[in-house]
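**Q** predicted model follows, preceded by the sequence.
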Amino acid sequence: MIIVAIVIFITAAEDVSAYASFADAKTKSSILKVAGTLSKEKPMDYDPENSPNEFSFFLIDADGATNQVVLSKPKPQDFEMAEQIVVTGQMQDEIFVANDVLTKCPSKYKDEELSLKSEI
């Protein structure tokens, strides 16, 4: 039973990882998570009719580095409104190829919270 608990703990610990930067991704061949914000100055490419499972955009990581990201899934809904984007994948040449993306969108209650605070 103790051995089973140790195996479960090790497996769970491998999944919980700190976010990496694009510089880290360029030096490591393993799958990493990079957190950042969408670069709104650079183009997003998504053609749902011809390539529904290919979405390309540029992400600015926590260190300020900007890199192209290609996601092998459809473009997430309300992607442009995301406050933070976490991509999971690895570098291939100069492009970060993501197999998963997680977006943190602004809370729909945020405006209500701000108006309540201003009334107090």
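**A** Nice, I can see it.
**Q** for the protein, which segments count as strands?
**A** Secondary structure of the chain (DSSP state E): strands located at 32-38, 45-47, 51-61, 66-71, 84-92, 95-104.
**Q** chain center to stretch 40-57, what's the gap?
**A** Distance of stretch 40-57 from its chain centroid, counting by C-alpha atoms, centre = their mean, to the nearest Å, is 15 Å.
**Q** now it: average pLDDT?
**A** Averaged across stretch 40-57, pLDDT comes to 93.
**Q** just the buried positions in stretch 93-106, please.
**A** 96-98, 101, 103 (16 or more other C-beta atoms under 10 Å). Backbone N, C-alpha and C define where each C-beta goes, glycine included.
**Q** mind picking the two most distant members of these?
**A** Largest separation among the buried residues of stretch 93-106 by C-beta to C-beta: 97 and 103, giving 17.9 Å.
**Q** need the contact list for the residue positioned nearest the centre of the chain.
**A** In the chain, the residue lying closest to the centroid (C-alpha atoms, centre = their mean) is residue 86, at 1.7 Å. Listed by C-beta atoms under 8 Å, 6 or more residues apart in numbering, the contact set of residue 86 reads 19, 33-35, 101-104.
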